[in-house]
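Trainee: The following block contains a protein sequence and its predicted model.
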Amino acid sequence: MKKLSPVTKFGVLALFLGMSSTSRAALITTTFNGSNGSGGITGGNWTFMFNLTVANTGGITFDAFTVNVAQSASHTLDVYVRPTTYLGFENTPAAWTLVSSGSSGPGSNANGPVFIDVANFSLAAGTYGFALVNTNYQAWITFGSNNYSNSDIAIETGAVISGPLSGGTASSTATWNGSIDYAVIPEPSSGFLIFSAVGFILVNRKRVKS
C-alpha cells in the first residue's frame with residue numbers, strides 16, 4: 001500500500017478542518033403564563049399562528065416544540081410554514097406547507113409544559129409564517145400579541161384559530177405558549193476557509209506530481 005507523504009497528510013487534514021463546523025443547540029421561549037390567569041384554554045384541533053424570523057445567516061434546524069397543555073392526552077403537533085407572514089392567510093390552507101409533525105406519549109402532563117419531538121426541518125435566513133396545529137388536546141393561550149427574540153430567532157405573535165388550518169374563527173390577539181428547540185450551524189470562519197484552501201491546493205498539487 002502506498003503511504004501518504006507528510007505534505008499530502010497535512011493537505012487532507014487542512015481540507016477536513018476547513019470543511020468542519022460545529023452546530024450549537026439553543027432554545028427560545030415565548031411564555032407559559034396562560035395558566036396563571038392571563039390566558040384561556042383552547043379546544044382540540046386549534047391552530048396557533050405567528051411570524052418567525054430566522055436571523056442567523058447560516059439558517060436554523062428545528063428539533064422540537066414544548067407546548068403548554070391543559071389536559072392529559074397523547075399530544076400531537078403539526079407544523080406548517082409559509083413565506084413572509086401568516087397575516088392574510090389564516091383561512092387559506094393552500095398557502096401553507098406541512099414541514100413536520102410529532103407527538104408525545106399517552107398520558108403526558110395534564111397541566112403544563114409537554115415536550116414534543118418533531119421531525120427535524122431547516123429554514124434559511126428570512127421571515128416565515130408559522131401555523132402550529134394541536135390535535136386532540138386543550139392548550140393554554142395568553143391574551144394579547146407579544147414579541148420575543150434572541151440573536152438567532154425573532155417571534156411576533158399572533159393569532160389562534162378555533163379549528164384546524166382548513167377553517168375556523170381567527171383571533172388576532174393571542175400568544176402561543178411554548179418553547180422551540182433548534183440548532184444553529186455557523187458559517188465557516190475565515191480561518192477555516194484558509195485551512196480548506198490550503199488543503200485543496202496541497203492535495204491537488206500532490207496528485208499532479210504523482
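Mentor: On my side now, so go ahead.

Trainee: on contacts alone, who are the packing partners of the helix or strand harbouring Ile141?
Mentor: Under the criterion DSSP states H and E, the helix or strand holding Ile141 is strand 139-143. For strand 139-143, the packing partners by 3 or more C-beta pairs under 8 Å, 6 or more residues apart in numbering; DSSP states H and E come out as strand 39-42, strand 46-54, strand 60-69, strand 170-176. Any C-beta I mention is one placed from the backbone N, CA and C, and that applies to glycine too.

Trainee: I'd like those as a markdown table, with distance to Ala26 appended.
Mentor: Below are these laid out as a markdown table (distance: least, C-beta to C-beta, whole Å):
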| stretch | distance to Ala26 |
| --- | --- |
| strand 39-42 | 26 |
| strand 46-54 | 12 |
| strand 60-69 | 9 |
| strand 170-176 | 18 |
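
Trainee: who touches the closest residue to Ser172 other than its chain neighbours in this structure?
Mentor: Excluding its sequence neighbours, the residue lying closest to Ser172 (C-beta to C-beta, 6 or more residues apart in numbering) is Ala159, at 5.1 Å. For Ala159, the residues meeting the contact criterion (C-beta atoms under 8 Å, 6 or more residues apart in numbering) are Phe48, Met49, Phe50, Tyr86, Glu90, Ala170, Ser171, Ser172, Thr173, Ala174.

Trainee: pLDDT at Ala159, what is it?
Mentor: In this prediction, Ala159 carries a pLDDT score of 91.

Trainee: In space, what's closest to the residue most central in space within the chain - neighbours in sequence excluded?
Mentor: The structure's the chain has its C-alpha centroid closest to Phe62; by C-alpha atoms, centre = their mean the separation is 2.9 Å. Closest residue to Phe62 apart from its sequence neighbours, by C-beta to C-beta, 6+ apart: Tyr182 at 5.0 Å.

Trainee: My understanding was that that neighbour contacts Asp63; is that so?
Mentor: Yes - in terms of C-beta atoms under 8 Å, Tyr182 counts as a neighbour of Asp63; the distance is 5.9 Å.

Trainee: And these two? Which one has more around it.
Mentor: Under the criterion of other C-beta atoms under 10 Å, the comparison of Tyr182 against Asp63 puts Tyr182 first, with 24 against 19.

Trainee: Within the helices and strands, which one has the more buried one?
Mentor: Element membership of Tyr182, judged by DSSP H and E, is strand 178-184.

Trainee: just checking, what packs against that strand?
Mentor: Strand 178-184 is packed against strand 24-29, strand 60-69, with contacts defined by 3+ C-beta pairs under 8 Å, 6+ apart.

Trainee: So Arg24 sits against Pro186, correct?
Mentor: Yes - with the criterion set as C-beta under 8 Å, Arg24 and Pro186 qualify as a contacting pair; they are 6.9 Å apart.

Trainee: Burial check on Ala124, number of neighbours?
Mentor: The number of residues near Ala124, taken as other C-beta under 10 Å, comes to 11.

Trainee: now the closest residue to it other than its chain neighbours: how far from Val81?
Mentor: Counting by C-beta to C-beta, 6+ apart, the nearest residue to Ala124 once its immediate chain neighbours are dropped is Gly59, at 4.6 Å. When distance is defined by C-beta to C-beta, to the nearest Å, Gly59 is 13 Å away from Val81.

Trainee: overlap in contacts of the two?
Mentor: With contacts defined as C-beta under 8 Å, 6+ apart, the residues adjacent to both Gly59 and Val81 are Leu123.
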